[in-house]
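# have a look at this fold, sequence not included:
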């Protein structure tokens, strides 16, 4: 959901689950979602809206089977959910 140019998350009944505070966000995958506050650094939140991996990546992809592709200093690699 979007409000005042920020995005957040709602449930299937339309109730806000995570307040809109991100400029961009992916859907949840493996229990985490990629978010960014500024399009320069990406991190991950859990379904409660808690930041579990600080925004630090130039780009980040959703987790799939415990791994996610991330970009740091123009190089791509993978991080583990653990």
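Everything's here; your move. Since this is a predicted model, take the numbers as computed values, not measurements.

# show me how far the worst-scoring helix or strand of the chain on mean pLDDT is from its chain's centre.
Least confident helix or strand of the chain, by mean pLDDT, DSSP states H and E, is strand 2-3 with a mean of 85. Relative to its chain's centre, strand 2-3 lies at 16 Å (CA atoms, centre = their mean, to the nearest Å).

# which positions in whatever helix or strand comes next after that strand come out as buried?
On the C-terminal side of strand 2-3, the nearest following helix or strand under DSSP states H and E is strand 6-10. Buried residues in strand 6-10, counted by 16 or more other CB atoms under 10 Å: 7, 8, 9. For the C-beta atoms, the positions are set from N, CA and C on the backbone; glycine is no exception.

# so where do the helices sit in this protein?
Ranges of helices within the chain: none, based on DSSP state H.

# next up, the contacts around the residue most central in space within it.
Geometric centre of the chain, nearest residue: residue 34, 1.7 Å, by CA atoms, centre = their mean. Residues in contact with residue 34, defined by CB atoms under 8 Å, 6 or more residues apart in numbering, are 25, 26, 42, 43, 44, 60, 61, 62, 68.

# check residue 9 too.
1, 16, 17, 18, 25, 28, 33, 49.

# I'd say the fifth one and residue 33 touch.
This means residue 25. Yes: counting by CB atoms under 8 Å, residue 25 touches residue 33, with 5.8 Å between them.
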